[in-house]
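> I'd like to go over a predicted model; first the sequence, then the structure.
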Amino acid sequence: MNKKVTLVVLALLSLALFALVGCGGQEKLGTADNPIIMSFVPSGDTQQIIASGNELAQLVADKTGLVINANVGTDFAAVREAMGAGQAHIGWLNTFNYVLAHEKYGVDVALVTQRFGSTTYTGQIIVRADSGIASLADLKGKVMCWVDPNSTSGYIIPRILLQANGINPDTDFSQTIEAGSHNNVVTQVYNGDCDAGATFVDARSSVEADLPDVKEKVVVLATTADIPNDSVSFIKDFPADTRDQVVIALLEIADTDQGKEVLNNLYSIEALQAADDSFYDAFRADLSKAGINIEDLAK
């Protein structure tokens, strides 16, 4: 072998070694050294969500042989940003968070949730029954509880409802509080810490075990238009074959008694349904009509 050929061979071997170390050195996703991270938004009781999330991750692992770890984001945006950074691979994302994650990072929906036989839901604005608040106009000058700025039914859509009824959500309240979860909003309205709050319908049921009279003390002032349900979504470069495994496993689990119980405990989910990104197009149109530009928010 002459010197020139030898150098070419050595160069090719070096490139192959680089590719092996740089690209193939990391274990395949779903193994002990490179587990799939399934992340959940903290929309309810965080401890219950992580317990149910861990149980669900184990059920998927048992069906697929994949190694899956579950976690709960510190807030709604944390799950989205973790997916954008590749620190989470599967996200159980609320509607607004999904649309933003898709725009920013190419996150893609595979499944949507069903509740009460529907893949849509509504938001509500709640007040104490003894508050004297009888209409949205009465909210001016009051203390308002939001869930999180990235919550669809606990922030985004109720703000649109308020604006349509002559309330400026940025200036017309004496104070606003970010409670962190729907459960917390209901509890703070119940306790009188907030005059009003925004949640999904009907978040009061989630705290009824601890506050048996919550539906008497806290009443619904107004409800929003329909909102598409939350999703199970995957990062852009998630391996297609592994994604198929996880999706099939989740659909099968959702049809079992154990799976139904876990999903109900997780986010009051009754069933899962296959979907693609077009499922959220009507929601995008509603945001656009309200002057909310997803592309600007994604920058």
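Arrived safely, thanks for sending. These numbers were taken from a predicted model, which means no experiment stands behind them.
> which residues of the stretch 151-299 of the chain score low on pLDDT?
Low-confidence segments of the stretch 151-299 of the chain (pLDDT under 70): 298-299.
> go with 80
295-299 (pLDDT under 80).
> mind listing the strands for it?
Applying DSSP state E, counting those that start in this stretch to the stretch 151-299 of the chain gives strands spanning 175-178, 196-200, 218-223, 227-228, 231-234, 271-274.
> what's the answer for the stretch 1-150 of the chain, then?
Secondary structure of the stretch 1-150 of the chain by DSSP E, counting those that start in this stretch: the strands cover 36-40, 68-72, 90-93, 108-114, 120-121, 123-128, 143-146.
> go through these and pick out the most buried.
Of all the strands of the stretch 1-150 of the chain, strand 90-93 has the most neighbours on average by mean count of other Cβ atoms under 10 Å, namely a mean of 27. Glycine gets a C-beta too; all of them are placed from N, C-alpha and C.
> what about Lys260, neighbour count?
A count of neighbours around Lys260, defined by other Cβ atoms under 10 Å, yields 15.
> contacting residues for the nearest residue to it once chain neighbours are set aside?
Among residues not flanking Lys260 along the chain, Ala254 sits closest, at 6.8 Å (Cβ to Cβ, 6 or more residues apart in numbering). Going by Cβ atoms under 8 Å, 6 or more residues apart in numbering, Ala254 touches 260, 263, 269, 271-272.
> make a PyMOL selection of whichever of these turn out to be buried.
Selection of buried members from these for PyMOL, criterion 16 or more other Cβ atoms under 10 Å:
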select buried, resi 263+269+271+272
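> and of the contacts of Ala254, the nearest to Ala164?
Nearest to Ala164 among those, counting by Cβ to Cβ, is Ile269 at 29.8 Å.
> excluding residues flanking it in the chain, which one is nearest the closest one?
Once flanking residues are discounted, Ile269 sits nearest to Leu263: 3.9 Å by Cβ to Cβ, 6+ apart.
> what of Asn150?
Asn150 sits nearest to Phe76 (Cβ to Cβ, 6+ apart), 3.7 Å away.
> and Lys63, how far from Val246?
9 Å (Cβ to Cβ, to the nearest Å).
> between these two, which is the more surrounded one?
Val246 (25 against 15).
> do I have it right that that one meets His89?
No: counting by Cβ atoms under 8 Å, Val246 stays clear of His89, with 9.3 Å between them.
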